[in-house]
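> compute the structure for the input listed below.
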Amino acid sequence: MAEIDAPELGQDFGTVSREAMAAMVFGKTVDVTDSGKDRYGRWIGHISVNGLNVNREMIATGNAWHYAAYSSDPSLAAVQSQAQTQKLGLWAQPNPTPPWNYRKNGTNPALSN
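Residues are numbered from 1 along each chain as shown. A predicted model of the protein is given here:
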């Protein structure tokens, strides 16, 4: 998904994040706006369901990080800051590890789905 990075399944909050995403999209008609491919050749995009920007909502509910390094929407930083202040989702943890740091410790992102 464009502009966000969710916890990997093997990391704290990974399963919760995946379940949050599934609750928003499973069995629903989704609209995907193509944002191209990432450096691993995976398609990325913005997802919406009934007008809800799922990418933004994942950040707003504390289920994903704003992936600032690959984002063209600076407003998402404020969305993440609000989730952090409210200790929503992964921000309820004392020191959540960003997925990009987690992957640096040995997980191959090209194998993650």
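
> residue ranges with poor pLDDT in this protein?
107-113 (pLDDT under 70).

> contacting residues for the closest residue to R56 other than its chain neighbours?
Excluding the flanking residues, the one nearest R56 by C-beta to C-beta, 6 or more residues apart in numbering is V79, at 6.1 Å. All C-beta atoms are positioned from the backbone trio N, CA, C, and that covers glycine. By C-beta atoms under 8 Å, 6 or more residues apart in numbering, V79 lies in contact with R56, I59, A60, H66.

> please, which helix or strand holds the second one?
Going back to what we said before, that points to I59. helix 54-60 (DSSP states H and E).

> and that helix, what does it pack against?
Judged by 3 or more C-beta pairs under 8 Å, 6 or more residues apart in numbering; DSSP states H and E, the packing partners of helix 54-60 are strand 4-5, helix 14-25, strand 43-49, helix 75-85.

> how near is the residue nearest to R56 to K28?
Shown here: V79 relative to K28, a distance of 22 Å by C-beta to C-beta, to the nearest Å.

> same thing with A77?
A77 is 28 Å from K28, by C-beta to C-beta.

> follow-up on the earlier one: can I get the contacts of V79 in TSV including distance to W100?
Output for these, formatted as TSV (distance: C-beta to C-beta, whole Å):
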residue	distance to W100
R56	19
I59	15
A60	20
H66	12
